[in-house]
Every structure is written in structure tokens, then in C-alpha cells.
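Trainee: Quick one: sequence plus predicted model below, questions after.
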Amino acid sequence: MKGIAAALLAACVSVAAGAAVPTPQEVRAAWRASDARLLDRHGVLLDTVRIDMAARRQAWVALDDISPALGRAVLQAEDQRFMEHGGIDLRAAGKAAWDNLFDRAGRERVRGASTITMQLAGMLDPKLAPRSAGRSWGAKWDQALAARELEAGWTKRQILEAYLNLASFRGELQGIGAGSRGLFGKAPSGLDAGEAAILASLLRAPGAPGAQLARRACALAREIDARADCAAIEWQTLAALARSNPPAAVAPLARRLAREAGAAVRTTLDADVQRVAAGALRRHLAQLAGRNVGDGAVVVLDNASGEILAYVANAGAGEVDGATALRQAGSTLKPFLYELALERGQLTAASLLDDTPVGIPVAGGLYVPQNYDHQYRDAASVRTSLAGSLNVPAVRTLVLVGQERFHERLRLLGISSLTEAPEFYGWSLALGSGDVSLLELANAYRTLANGGLQGPVTVAPGGAARAAVGTTRVLDARASFIVSDILSDRAARSVTFGLRNELATGYWSAVKTGTSKDMRDNWCLGYSDRYTVGVWVGNFDGRSMWDVSGVAGAAPVWRDVMDWLHRDRPGRAPAPPPGVVRQEVAYAPAVEPRRAEWFVRGTETAVVEMLEAARRTPKIVYPADGSLVALDPDIPAPLQRLRFRAQAGKGLQWELDGQAYGPADGDAGWQPVPGRHELKLVDAGGRVLSAAGFEVRGAQPAPQAPAVSTRSTSTGGSSGEASGGGTNSGESER
């Protein structure tokens, strides 16, 4: 018998002598992970994205990075004489043949005759792989020949390493990297004895039921160590098979960039900045969970190069790309509106703007913007209006500048989503009724940070090529400097936000917040001399947040990221460009304190005086003459009021339908009654100073029944601004 075996081995060598087998290096080079890898600027792995859906494979794992426990378990289960034979184990083959001929008890077969080397030959050549109907003696012979050739050119370590990387473990999990992470959520180096026994038992029966697999693993573990805990192995088996393995929250950026399985895509991202930004977002969203806030996004840009240093598309809970999704901009567009007015010489930072209620006639009725707190300051400077994010002065500035001109400027800044005609957005464009993306908006702020010079953002390495492209001047350098100075002015900001808030950094930075209609979107965008950081929080499904303003929502994330970026070197204030001068300015009357102010040369003034005509001539602001107010049965009567508003109403009285209706100092609330009405503003002597006729339409509400609505036709595209009741004009800023 021994003579026959020797002859068989010699024949194998003789027949296969001319066969070409791949080298270990060729096999490893041909291996492709199913995922593409996204790397940062230093080569650090940031994320992976699935490309090949046929199987899940991780990167090739070296034998030194695989737990020794797995090697012991695999050799015990599959090839106990692996280190002794030359590719064919005749003793194992004889025992397998005996079992097949005489074992009719139906016992579970744990081992077969194929050695690890023979199995590897089948993995390398599909023609040698086992078939479901079994293999002929000829196929076995061919596999044995290939195994002998492998043993002649490969070391035992190389064979075992390739086997563990090419073997299928369960379902789509191919290779030890995917098997270990998919079943146990850990790297192969961390496998313990029980986990190794489970994986080794899967090699023969990847689809075995849990109870059967647990029995096999237990038996195998006790062959290696009689003290093995079978109860623990059973628990590990069932837990591994029950593991849902949902896809990781793949960065949408990785999905866009990665095209080839196994590829490594290098980016401009910085792993440390990415980690800090993602951590700050997740941490703060957890704090806001009780206020109906579930989603967010963060981008960090390098001002000089336009390189994207961090791109947190979401908080890790989905595939939505919050950096490119379109959302209403809120007050974040105001800096560009004021910059345009300064650039054109229509305003200075010291100019006074009317901050009283206003109703602007539009096709569907009246556009009635309001400040967040429903308070008015009679007059406010451009500095105060922008830093404090006042709505009424912003709308008046848009009337001054013009819808078409402002719309064109925003498009020039790279806000490509404003595709409709200016009339579609209406006057509410000043308050952010247009939809924008975080990435484009952040780059617009980067333009301000760069003194009006605009360049593209990029996630692809190659600074020299980008430098050759250059930048384009989009904003006036002088006006950009003044706007940046205003956005960094915590004293001017305190009118609305107070002196202590997340926007007040300990170093120079310029920042603006914004909140869209019904608190659906929260923004915070700001910059230093080196970085621009943009943050959005809200809900991807459009649900409103509960009492979350820009300072409470997005600003804390912005502050955490900015503080980390400037931990070693604080932000530095920009140097004033040629053509700006600083001068003391006073107000008459003293509506604001004397201060030093920046001016474009030629527009400076020492005194800003409010003209007598602008000192609040008494008049009715709302309702305007000719207004229509519609009753709404869906709103409870006790909550429904039509509020009369007057300009300069101190000491004056309301008169409604010929009857006295109280003082006009504040907003008088009246429950509307269907029909035509006349409202008058009268002085102490009964002299009529202003009058307005209006009509209320709809059925008279019954007692305790739903009452009325002060809503009228909305205007301005998607701003949602109600013209009748003067709702919040798409802006919840504070």
C-alpha cells in the first residue's frame, strides 16, 4: 500500500510539473475589497463605501494580523496534519473513504479529505472548486495536482494566509476580514477561542442553522481545550447569527467619489477636523433631541485654498447629504444684501434704517415683515440691523437695492439653487426665502472672509493646480471688510443676542445665524482669517423644531469646531484695505451711542441726523387701507386676534367704526367680525390723523366655536409670509 501511495505522489508531481500556478504576491495583488476607501489628506481611513454588491470583502489581512486562536481552530477542523503533508493527506483521504462506505448512522461530518491546500486550489481555480453534486475522481485528482504545485512554490504561512482571506464564511461574507467584522464586529486580531471555533465551523457549512453550528463549534473548541465553555459558545453563535449588520452610515461624499471596488480615494479632508466636527454635531444633537431636532451637517473650508477640511453630511443616521441638500436660508443672506448696499454707496454702516412696521403692496395683498421679538426700534443703524438680524430694516434695504440686483449678486456668489426669477422670491428674499445648500452658502461666506475674492471649493488634492485657476473678485473689498467688522461686533450683536452667547469667541471671528420659517432650519456660518465653518441643524423630513433659534441650535456646534481649529493660534482681525477710513460718528437725536465707525472713503460723516419727516409721522401701519381679512374656522376664537399697529402712536387713540377702542401706544388686539370696518387714528382732540378701511370676510363664528384667521395671501415664493396677520415672514432669528 505504501508503494502505491508513493507512486501516486510521484505521478502527481510528474503530471503537474508543467502547470503554472499563481504566486502569493499575484493572488494578493488580484484581491479586491468590495468597498472603496475614503482617505484623508494624510492617508488616514475616513470611511468606506460598498461598490461590489456580489460579496462583502474587506482589505487583505496579513497572517500576523489574525488571532492565533483562529489558526489553531481552522487547522483542527480542516487539516490537522497541514504542517506535515505536501498538499495531500492520504490518511485523511482513507478515513473519509471509509466513512463514506461504512458510516450509515447519519452522523455530522466535521472533516473531509480535502486539505487546506486543496481547498485553496479550488478557490484559485473555479474549475477545481467543489460542486453541489460532488466531484468526480478526476476532479479530485486535478485538485490534488494543483495542491502539490502550490506546496512546491508557497510556504505554509502563505497558504494559510491566502486560505483565510479567500474562504467564504456566511452569506456574502468572504474572507476573514469581512467574516470577523460582519459576525462579531471586530478585527480578526481580536478573535477569542470561542469566536475562532465558530468561524472555523462555518468553513464546511456556511449556511448551517444556529443550533447545529453551535454544536459543531462546541465540539471543535473542546477538541482544542477540554475546558471550553459550550454555553458561552452557544450564546456567541446565536448572537453572531442574529447580528443585523446594517450598512454603516456611509458619508454621501464617499459614495460620490468612490467608483472602483478596492480603490483608495485620497481627499483634502483632515481626519482630526472631521472627527471633531462630527463629534460636536452628534453631541449637540443629542442635547437637542427633546426639542425635536434630529439631523445636521457641518462643513469646514480652508479660506486660502478652498480645500474642504471636514464634510459631515449627516449625524451618521442616514444617506441624506445635508451639505448639499436645499433648505431655506433664513437670515444668512443678509450680509450679502448689506454688502451690496455699501458697495453701491446707497448706505454706510452708520446709516439709519426705518425699523417700524411696514406693509408692502404685492400682487396677492400686503407683505408684512416683522422682527423676531415683534418689537420695533423706530430707527436702527446698518451695523445694528445686520449684527442684530433685524428683519424690517433688511426688507427696506432690499427695496432700496432692488430684487433683481440682489438676486443676481447671490447667483454670482455661487448660490446656484436660486433658479427662479427674482419676482418668485419677492421681498422675503431679504429674509432668506430662497433655498440654498450649506456647502454653497459656506463658500459664499468664505468669499467675505477673503475680502470679496471668490474661488471654488474642492475635495480633491492638488493645491498647485487650483492656484493656477486663481480667484475672481465678486464683492467689493471695502464693503466686505465693513460687513466682516459688523459680523464680528459683539456689542452691536447684543441688541438681539446679548453679550454672552455662543457667537462671542475669545478671538477674532465673524459669524451670522439664521432660522427659517416655522423653525425648520437652523444655520450658523462664520469665519476667521484661516477657516470658514458652516453648520445646519434641523430635520431632513422638514419637521419643525421646538423653540430652537440659531444661537441655541447650530451655533454651539460652530463654536466647538471653531474653538478647536484655533486652539493653537487665535483668529486675527483682517487689515483694512485701501479706501476705508475710520471716523467718530454721532447721532441726532441720539438713537445710538457715539462710536468710531468704518466708512468707504468719500461716504464718511461725523453726524447722522434723522430728518424731521422721518421722525415718525403718525399713521396706521396695519391694517392698510383696502385690506381683506379672511375668517378661518380652524383657529379657535379665543386665540384669534387682528392686531392694529400705528407708527408714532404714543398719546393717540384708536377709533373703530366710530367707537373709541383704546390707546394706540401698542398693538391692540381685536377679534374680527365679518363686514366692512373703518379704523382711525385720532389725537386727544379727536382729530383724525390716519384712517384705513378694511373688510373681514367669512361666516360669523358661533360662541366657543372656531373663530377667525388673520391670514391673507402669501407672497414671495416659498417664504410663507402671511400678508394679513403679519406673521413671522419666514424668519425666526434671535
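Mentor: Yep, that arrived. Numbering: from 1, shown residues only.
Trainee: Now residue 380. Nearest residue, chain neighbours left out?
Mentor: residue 355 (4.6 Å; CB to CB, 6 or more residues apart in numbering). The way it works is simple: take the backbone N, C-alpha and C, and place the C-beta from them, glycine included.
Trainee: Tell me which residues touch the one you found, please.
Mentor: Counting by CB atoms under 8 Å, 6 or more residues apart in numbering, residue 355 makes contact with 371, 376, 377, 378, 379, 380, 385, 390, 392, 393.
Trainee: Show me the residues you listed that map onto helices.
Mentor: Cross-referencing the contacts of residue 355 against helices under DSSP state H gives 385, 392, 393.
Trainee: surely the second one meets residue 371?
Mentor: So the one you mean is residue 392. Yes. Using CB atoms under 8 Å, residue 392 is in contact with residue 371, at 6.0 Å.
Trainee: Tell me which residues are up against the one helix or strand residue 486 maps to.
Mentor: Using DSSP states H and E, residue 486 sits in helix 477-487. Residues from elsewhere that reach helix 477-487, judged by CB under 8 Å, 6+ apart: 335, 338-340, 342-343, 349, 382-383, 386-387, 447-449, 451-452, 492, 510-512, 526-527, 574, 576-577, 579-580, 598-601.
Trainee: let's go with 6 Å and repeat that
Mentor: Here helix 477-487 makes contact (CB atoms under 6 Å, 6 or more residues apart in numbering) with 335, 339, 342-343, 349, 383, 386-387, 448, 451-452, 510-512, 576-577, 579-580, 598, 600.
Trainee: Count the residues that sit near the closest residue to residue 554 other than its chain neighbours.
Mentor: Using CB to CB, 6+ apart and skipping the chain neighbours, the partner closest in space to residue 554 is residue 524 (3.7 Å). Look at residue 524: counted by other CB atoms under 10 Å, it has 29 neighbours.
Trainee: cool, residue 562 as well?
Mentor: 27.
Trainee: just use 23 as the starting number from now, easier for me
Mentor: All set: I'll call the first residue 23, so the last point we hit is now residue 584.
Trainee: helix, strand or coil for it?
Mentor: Using DSSP: H, G, I helix; E, B strand; the rest coil, the structure places residue 584 in helix.
Trainee: Look up the closest residue to it, ignoring the ones flanking it.
Mentor: residue 555 (5.6 Å).
Trainee: which regions of the stretch 273-422 of the chain lie under the pLDDT threshold?
Mentor: 273, 281-284, 338-340, 383, 385-388, 395-396 (pLDDT under 70).
Trainee: try the stretch 473-622 of the chain
Mentor: Ranges of the stretch 473-622 of the chain meeting pLDDT under 70: 485-492, 572.
Trainee: the helices in it, which residues?
Mentor: 485-491, 499-509, 512-519, 577-587 (DSSP state H, counting those that start in this stretch).
Trainee: Identify the bridge partners of the residue nearest to residue 584.
Mentor: When assigned by DSSP bridges, residue 555 has beta-bridge partners residue 322, residue 548.
Trainee: burial measure for it, as a count.
Mentor: 28.
Trainee: Pull the contacting residues for residue 498.
Mentor: Counting by CB under 6 Å, 6+ apart, residue 498 makes contact with 365, 474.
Trainee: wait, residue 552
Mentor: Residue 552 neighbours (CB under 6 Å, 6+ apart): residue 325.
Trainee: Can you tell me the closest non-neighbouring residue to residue 641?
Mentor: Nearest to residue 641 is residue 712, by CB to CB, 6+ apart, at 4.2 Å.
Trainee: pLDDT on the host helix or strand of the one you found, on average?
Mentor: Following DSSP H and E, one finds residue 712 within strand 710-719. Mean per-residue pLDDT for strand 710-719: 90.
Trainee: what comes into contact with that strand?
Mentor: Under CB under 6 Å, 6+ apart, the answer for strand 710-719 is 640-642, 645, 647, 649-652, 694, 696, 698-704.
Trainee: Likewise for stretch 582-594?
Mentor: With CB under 6 Å, 6+ apart as the criterion, stretch 582-594 contacts 298, 299, 302, 529, 530, 531, 550, 551, 553, 555.
Trainee: For it, measure first residue to last.
Mentor: 18 Å (CA to CA, to the nearest Å).
Trainee: got the buried residues for it?
Mentor: Neighbour counts over stretch 582-594 (16 or more other CB atoms under 10 Å) mark 582, 583, 584, 586, 587, 588, 593 as buried.
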